[in-house]
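Trainee: model the following, please.
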Amino acid sequence: GRLGADAAELPGRLMADLADGPGADVVIEAAGAPDSFVLCTRVVRSGGHIANIGMHGKPATLHLEALWRKNVTISTGQVDTSSTPWLLDLVTSGHLHIPPLVTHTFGLGQMEDAYEVSSHGPDTGALKVVLHREESTPSGDRP
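Mentor: Residues are numbered from 1 along each chain as shown. Here you go, the predicted model:
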């Protein structure tokens, strides 16, 4: 695929196959949507792990009645900044190609718009939102 995947599945079919089959060892909830979290609990295998990294703006229901016998581990949290220098080195050296992940670009003066788009990723299609310094007009070019 364009992002380096070896294979791709339609989400509905993959979810059905996992829920009806053995389940997934690890499920990552990254959308921050309550329905997405519930789907993760349905497809994780017994003894599996759900990593909830999505930014939830609304409550998500934890159906313990469906999970208690699965012995599932659920972790929450966002990426800590300890890996930031390493990731920046990967980007600047060209070893981590991120342009395909950038879906929206805003100038610093549009920070509120950028946050709005980013915080509603499932609706806006935002993966990564980039803010950039806006070019200023040299003082000699002002009208």
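Trainee: how long is stretch 85-104 from one end to the other?
Mentor: Start and end residues of stretch 85-104 are separated by 23 Å (C-alpha to C-alpha, to the nearest Å).
Trainee: tell me which residues of the helix or strand where H49 lies come out buried.
Mentor: Using DSSP states H and E, H49 sits within strand 44-52. For strand 44-52, the neighbour count (16 or more other C-beta atoms under 10 Å) marks V44, R45, G48, I50, A51, N52 as buried. Any C-beta I mention is one placed from the backbone N, CA and C, and that applies to glycine too.
Trainee: let's have those in TSV, adding distance to G107 and pLDDT.
Mentor: Listed next are these as TSV, based on distance: C-beta to C-beta, whole Å; pLDDT from 0 to 100:
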residue	distance to G107	pLDDT
V44	41	91
R45	45	92
G48	43	94
I50	37	93
A51	33	92
N52	32	92
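Trainee: so what pLDDT did Y115 get?
Mentor: pLDDT for Y115: 92.
Trainee: lovely, talk soon.
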